[in-house]
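Asker: 3D model of this:
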Amino acid sequence: MVVCDAYKPVLQEYQEALEENFENMSEYTYVQSTFDPYFTFYRGEDIYYAEYDFCDDGLPELLIAVRYEATEQQAEKYQIKAVYGTDGTDVDRLDASQEKSFSDYSFCDGNIMRCHWTSGGLSAGGDLFFQLNPGMAEGTLLDEMFYMGMGDCYRGSEPDESNEISRSEYDDIVASYKELKNLSIQWELLSDSDFTPSSESGDDVDRIRYDKNDMNYVYDGEWINTGFGCEAYLPVYWNRTQETNETISSGINRQYYCEDASITIYAGYQSYEPTEEGIYEYLLENGYQPYYADANGVTGVAFEAQNGTEISFAFPAVDDEIVQFSVYSSNEETARAYARDLFSSISLR
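Answerer: Have a look, this model is predicted:
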């Protein structure tokens, strides 16, 4: 399974927590401190993960689950224990607005997520319903209900006479959210997977490659140079009459435009170490999901922003300087096509 880059740090944490038997939970950023797949009543055999794009926005949700083998009484089941969303850069639990620990998640028509909780003795519990928002990392709370040990039921967050409902009303409300059945979710065993990002440079690094064979367009054009030891081919459809040049304290910015995209070239000095590792670590610390890349034989670091509509490639140039090529388009596929063209023509002089 190809995992969305934004989720790799999350899955790494779950692997670490699994290795530590889910102790020292306060040390983690993504794994909720109350997460416990080994709570006796719910115990499964191992941890599983999957991605599923409920909103059909190109940004799948990340599901964490435990698995129950089939028995005479029930079929095999994956019980979802945590759900995460991303906007392409940031990651959060879809139910991050709540402090509750939920024991089971399911999904309903209309991109709605149901979160169920129970008390330790199963004498009390409740259900919350969240609207999943395309392009966003967090859901919006739509509805909340809970029941008490004595059988009293309420619609809302507090036990108040004004929001008391009967058990049949409770069940009818839950049933009104039509649960999605038989979703084709591809579950993978967490302990069998590797999400460790490469932090080494050299031929043994796994890289995304942008080669000349990737180029989508063959047009006449011209070579543009940064003045910092590298250049790239700019096809003729980029409008040179709209070119802008800006000299800034640390270097230069240049921009080129065409009908549906723009290119920005930055070249100059940065505060971080002018190496591939320095670029990678800086981006990682600032919330990006960088990956090592090879652009026409030039090695560097690629990263995305604005939900994949801006794609950049940065690499060390001459005299401890950094060069960064960025392509932006309001359409993600357009941005990727232009990025392949530009990055696959970069050369060092």
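Asker: Going by C-alpha atoms from here, please, whenever you check contacts or count neighbours.
Answerer: Noted.
Asker: helix or strand right after the helix or strand bottoming out on mean pLDDT in the chain?
Answerer: One helix or strand of the chain scores below all others by mean pLDDT, DSSP states H and E: strand 239-248, with a mean of 65. Next along the chain after strand 239-248, taking DSSP states H and E as the criterion, comes strand 251-258.
Asker: what comes up buried for that following strand?
Answerer: Of the residues in strand 251-258, G251, I252, N253, R254, Q255, Y256, Y257 count as buried by neighbour count, 16 or more other Cα atoms under 10 Å.
Asker: which residue packs closest to the fifth one, ignoring adjacent ones?
Answerer: To tie it back to what came earlier, the one meant is Q255. Closest residue in space to Q255, ignoring its immediate chain neighbours: T264 at 4.5 Å, by Cα to Cα, 6 or more residues apart in numbering.
Asker: who does the helix or strand where P9 lies touch, helix- and strand-wise?
Answerer: Using DSSP H and E, P9 sits in helix 8-19. The helices and strands touching helix 8-19, judged by 3 or more Cα pairs under 8 Å, 6 or more residues apart in numbering; DSSP states H and E, number zero.
Asker: got the buried residues for it?
Answerer: K8, P9, V10, L11, Q12, E13, Y14, Q15, A17, L18.
Asker: quick one, what contacts the last one?
Answerer: Residues near L18 by Cα atoms under 8 Å, 6 or more residues apart in numbering: I47.
Asker: how near is it to G85?
Answerer: Distance, L18 to G85, using Cα to Cα, to the nearest Å: 21 Å.
Asker: sorry, back to before: neighbours of the residue nearest to Q255, how many?
Answerer: Counted with other Cα atoms under 10 Å, residues neighbouring T264 total 18.
Asker: and it, what are its bridge partners?
Answerer: Beta bridges link T264 to Q255, S326 when assigned by DSSP bridges.
Asker: Test my guess that S166 contacts Y147.
Answerer: No. S166 is not in contact with Y147 according to Cα atoms under 8 Å; the separation is 9.6 Å.
Asker: which neighbours do the two share?
Answerer: With Cα under 8 Å, 6+ apart, S166 and Y147 have common neighbours C153, Y154.
Asker: Quick one: the strands in the stretch 1-150 of the chain, in order.
Answerer: For the stretch 1-150 of the chain, the strands defined by DSSP state E, counting those that start in this stretch cover 47-52, 61-68, 77-86, 91-93, 104-108, 112-118, 125-131, 140-147.
Asker: CA-only coordinates of the last one in CSV, if you can.
Answerer: As requested, C-alpha coordinates have been extracted for strand 140-147 and formatted as CSV (Å, rounded to 0.1, in the frame of the first residue of the first chain):
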residue,chain,number,x,y,z
THR,A,140,-17.3,19.1,12.5
LEU,A,141,-19.5,17.9,15.3
LEU,A,142,-23.1,17.4,14.1
ASP,A,143,-24.9,15.5,16.8
GLU,A,144,-24.3,14.0,20.3
MET,A,145,-26.2,11.6,22.5
PHE,A,146,-25.5,9.6,25.6
TYR,A,147,-27.1,7.3,28.0
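Asker: oh, and call the first residue 39 from now on, that's how I've got it
Answerer: Shifting the count to begin at 39 puts that one at strand 178-185.
Asker: Strand partners (parallel or antiparallel) of it?
Answerer: Going by DSSP bridges, the partners of strand 178-185 are strand 163-169 (antiparallel), strand 191-193 (antiparallel).
Asker: Mind checking the pLDDT average for the last one?
Answerer: Confidence for strand 191-193, expressed as mean pLDDT, is 94.
Asker: Check stretch 346-361 too.
Answerer: What stretch 346-361 shows for mean pLDDT is 87.
Asker: so E182 touches S195, yeah?
Answerer: Yes. E182 is in contact with S195 according to Cα under 8 Å; the separation is 6.5 Å.
Asker: Please consider this matter closed, and thank you.
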